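Peer 1: below are the sequence and a predicted model; questions follow.
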Amino acid sequence: MSNPLKLVIFDCDGTLVDSQHVIVAAMHEAYRGHGLPIPARERLLSIVGLSLAEAFHALGEGRPDYPATSLAERYRAAHAALQTRAPVAPLFPGAREAVAALAQRPATVLGIATGKSRRGVEGILARHGLLGHFLTIKTAADAPSKPDPGMVTAAMGEAGVVPADTVVVGDTAFDMAMARAAGAAAIGVAWGYHPAEALHAAGAVTVIERFPALLPALERMWAAPAPADG
């Protein structure tokens, strides 16, 4: 029997926070520091959600001489420097209201699963006044990179919630695949860094076009009868 407690796990960049300008700027600084050609903006955003190491390995397309580790180090330094002088990355429209509404819902707890560092994600959530809404926060330091299910599995364990009562909300195919690998459901958001068709292909139950559609989508999922055993 399913636990009545529900867990909603959000991705951060591209789902809650529109951080693309800082991400792309830090990527540009990392590549310039190596004297390497800078990939197209769309390509850079396509790997958002992976851990830094996995992201640069993906951008290197398996080339053995690609300096993925040092690129990640330069990116990390550039991103930290940009954060001190750039305006805080904004929330997507409706994000604050959706998180607040879910946090007030009986028997519902919230989590984060992100490729960002813990310092980075806690910092941006705190600056937006949202940090206190999340029971569990899992980062690249806690488990392998998405789409490995480790972050979701760890979040479920911390919250005491079973996969059938867990939903991951994210903007990339990595989020959808991570959720499905953990046995959880996945809801895609159409305003992030991967197209809706990629989210559906990776296992999204539905893809929403705006944040006010999230709570109704969750209510429909939670109201649906559980599949019969056998």
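Peer 2: On my side now, so go ahead.
Peer 1: strands of the protein, start to end?
Peer 2: Secondary structure of the chain by DSSP state E: the strands cover 6-10, 108-113, 136-138, 166-170, 185-189, 206-208.
Peer 1: tell me which of those sits nearest to Pro37.
Peer 2: In this view, the strands of the chain are compared for proximity to Pro37 by CB to CB, and strand 166-170 is the closest at 29.3 Å. C-beta coordinates here come from the backbone N, C-alpha and C atoms, glycine included.
Peer 1: name the residues that touch that closest one?
Peer 2: Applying CB atoms under 8 Å, 6 or more residues apart in numbering, the external contacts of strand 166-170 come out as 6-11, 14-15, 49, 113, 152, 155-156, 175-176, 178-179, 182-189, 192, 214, 218, 221.
Peer 1: now stretch 80-92: average pLDDT?
Peer 2: The average pLDDT within stretch 80-92 is 86.
Peer 1: so which bits of that stretch are buried?
Peer 2: Of all the residues in stretch 80-92, those buried under the rule 16 or more other CB atoms under 10 Å are 83, 89, 91-92.
Peer 1: now, which of these lie within helices?
Peer 2: With helices identified by DSSP state H, the entries of the buried residues of stretch 80-92 that belong to them are Gln83.
Peer 1: so which of the strands of the chain gets nearest Met27?
Peer 2: strand 166-170 (20.3 Å).
Peer 1: adjacent strands (with direction) for that closest one?
Peer 2: Taking DSSP bridges as the criterion, strand 166-170 forms sheet pairs with strand 6-10 (parallel), strand 185-189 (parallel).
Peer 1: where does the chain have low pLDDT?
Peer 2: By pLDDT under 70, the low-scoring segments of the chain are 1-3, 224-230.
Peer 1: what's near enough to touch the residue nearest in space to the middle of the chain?
Peer 2: Here the mean C-alpha position of the chain is nearest to the C-alpha of Asp11 (CA atoms, centre = their mean), at a distance of 2.2 Å. Neighbouring residues of Asp11 by CB under 8 Å, 6+ apart: 49, 112-114, 168-172, 175, 192.
Peer 1: now it: how far from Pro4?
Peer 2: 25 Å (CB to CB, to the nearest Å).
Peer 1: what's the neighbour count on Ala100?
Peer 2: For Ala100, the number of neighbouring residues by other CB atoms under 10 Å comes to 13.
Peer 1: much appreciated, bye for now.
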